[in-house]
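> sequence and predicted structure are below.
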Amino acid sequence: MNRRAKGDRVGRKITGASIGQSGLKALAGFRDSGLRLSPACPLFAGCETEEMEPGVPARGEMSAVASDRFATAGDGGLQSVHFAGRAMEERVEHSPSTVIVAVFDFLSGYLGGRDGVVDAQKLYQRIKYEKSDGEMGLIRDAARIADVMLRGMLAVLKPGMLETQVAQWGTLIAREMGAESQGFDLMVTANTANRTLICKALNRPIRAGDYVHLGAGPERDGLNACERCTVIAVDDPGKISPDQRFWLDFVEEAYRVGLAAYRDVAAHDRPARLQEQAIEDYFRSRAADVSRRVGRPIDLVRQKPYTGTHNSGYTECQEFYGAITLDSHEPLGRQIVMMLDVAIRGTGQRWDDIIIPGLDYVVVEKTLGKPGRQADVLTELPVNVQELVGNDQDYTRF
């Protein structure tokens, strides 16, 4: 191999069998800054490295080009790391990440120069994406806690209560069952507060006949499960209006379509994008029906507020890396946790931009676990939980 003159950049490829547990713990310390140590640092002691020139692509990858616009350093090139039983390859690229200068200076001095620090956020996200057996077990625990939290909040919910009064029962149950913290503030939103999509409980009254959205995201040792639902604040399901029933049924069916597609993608290692495509196709197929109900053309896919399935783990909602979008051309990971979060909103981009009159937001969200090619729903409450509203007696069914 042609040696570069001193000062020129040379890429490195890790060819060792694994990064040790101590190395992974060290990586976690850089989670918030977006920085990771380079293969040249002592973190990778014991891993064999081979030098390669960034100008010579490895397996078709293109070399990174350093930018003078931001404070970062290190080598362009490919990193290959064996984790969770398989090799993962990510290119370490220079990207315009925001880094506190004092932190960068400290790390550069500690590692003996700026070449010891690189932006390798994608590789870290990949490690975070795959779950160990222990992590899966903790998330299953959190999922059962989420079930009981929602069950308790639904049992006490009745018109006239404040959102915060309902939420306090979820908090009590979470602590009683061993949830150390929450991935997000407990959600209880009634009537127009549903337009926020994800607002915490406030001191707002719940009125008879309101749509009410509830959400719980308990954590076990920092690992999240999540479960959300929409119900109507009535003491008898027979008091639900035909319009409300239409939208509850619509979202429940969209959830079932998404779950069936997710299981198909998982079982056959198909491109993950096919699952998101199935959800969008369902919305598109119902557009004519909804347009007739509203009395004008409705682009129903635009009323789907976000991608239907997102990554999770140490953050409840990791919308970017690991989220399933129409650009997700690769299969799903080997052992992962995701949230199937299917919803429709009745507004546009502004608070008072009413697209579908009488509808603010309806959601079904469940935690999914994928060990191998199997797809499990870890949260076990029914998709339709309306009969649990105000029901503090029938605890044995769920």
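It's in.
> doesn't G358 make contact with D243?
Yes: D243 lies in contact with G358 (C-beta atoms under 8 Å); the separation is 5.6 Å. (Glycine included, C-beta is placed from N, CA and C.)
> who's in contact with K304?
Contacts for K304 were tallied using C-beta atoms under 8 Å, 6 or more residues apart in numbering; they are I279, E280, F283, A343, I344.
> does the second one touch V301 like I think?
Put plainly, it is E280. Yes: here E280 lies in contact with V301, judged by C-beta under 8 Å, at a distance of 5.5 Å.
> ok but G215 is inside a strand, no?
Yes: assessed by DSSP: H, G, I helix; E, B strand; the rest coil, G215 belongs to a strand.
> who does it bridge with?
Beta-bridge partners recorded for G215 (DSSP bridges): M187, R228.
> do the one 5 residues further on as well
R220 forms beta bridges with L223, as assigned by DSSP bridges.
> what about it, how many residues close to it?
Taking other C-beta atoms under 10 Å as the neighbour definition, R220 ends up with a count of 22.
> S181 is in contact with that one, correct?
No: using C-beta under 8 Å, R220 is not in contact with S181; the gap is 9.3 Å.
> now A216: closest residue in space that isn't a chain neighbour?
Leaving aside its sequence neighbours, A216 sits nearest to M149 (C-beta to C-beta, 6 or more residues apart in numbering; 4.2 Å).
> list the contacts for that neighbour?
Taking C-beta under 8 Å, 6+ apart as the contact definition, M149 lies against G170, I173, A174, M177, L186, A216, P218, E227.
> and it, that one's in a helix?
Yes: applying three-state DSSP, one finds M149 inside a helix.
> quick check: pLDDT value at it.
On pLDDT, M149 comes in at 96.
> what of R273?
With respect to pLDDT, R273 scores 97.
> backbone dihedrals for it, please?
Per-residue torsions, R273: phi -60, psi -30 (degrees, to the nearest 10).
> farthest-apart pair in the contacts of K304, please.
Maximum pairwise distance in the contacts of K304, criterion C-beta to C-beta, is 13.2 Å, between E280 and A343.
> show me where the protein has its helices.
Ranges of helices within the chain are 21-28, 101-110, 121-129, 133-156, 163-176, 242-268, 273-285, 287-294, based on DSSP state H.
> these: which one's closest to G372?
Ranking the helices of the chain by proximity to G372 (C-beta to C-beta) places helix 242-268 first, at 8.4 Å.
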